[in-house]
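S.K.: generate a structure from the sequence data that follows.
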Amino acid sequence: MSFTDPPEIYRIAVSACCNEGAWPVLLGEQGDQTAMLASPIILPDYPQVAAESPGDFFDGTVIDEMLMLRVLTLTDDEKRAMASVDERARALLARTESLDQQRFAGLHGAMCRPVKETFDVR
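M.R.: Model (predicted):
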């Protein structure tokens with residue numbers, strides 16, 4: 001059952017719930033209800049990495065930009081320490097440092113046109 005969009009028969013029960021520190025998110029293919037994530041941030045059910053993402057960075061959410069900025073502020077000693085942790089950390093550091101300005105700016109978000117059927121555009 002989706003906490004974001006529960007079936008009508010569960011709406012009253014869901015509205016009485018209080019989430020503290022975690023948000024339940026359905027995972028997998030749309031409609032699959034066998035896997036759930038307890039997310040520290042509010043995400044939609046069946047989240048996906050944005051098409052604008054240039055690769056596997058942190059968690060594939062809007063926080064990627066902030067975390068990449070933090071990596072870019074590391075000292076050379078801190079970067080060496082990060083690279084010595086494991087292959088994933090090394091790859092993450094390399095991807096972060098190799099992003100050009102345009103791809104990095106793309107992490108800031110995308111402007112999308114509203115869908116006419118969804119919004120009144122008068």
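
S.K.: how far away from the center of its chain is the helix or strand that Arg11 is a member of?
M.R.: Counting by DSSP states H and E, the element that carries Arg11 is helix 11-15. Between the centre of helix 11-15 and the centre of its host chain there is 26 Å, according to C-alpha atoms, centre = their mean, to the nearest Å.

S.K.: what average pLDDT does it get?
M.R.: The pLDDT scores in helix 11-15 average 89.

S.K.: who are the packing partners of it?
M.R.: The contact analysis (3 or more C-beta pairs under 8 Å, 6 or more residues apart in numbering; DSSP states H and E) places helix 11-15 against no helix or strand. In this view, the C-beta of every residue, glycine as well, is placed from N, C-alpha and C.

S.K.: mind listing residues that contact that helix?
M.R.: Residues outside helix 11-15 that contact it (C-beta atoms under 8 Å, 6 or more residues apart in numbering): 3, 6.
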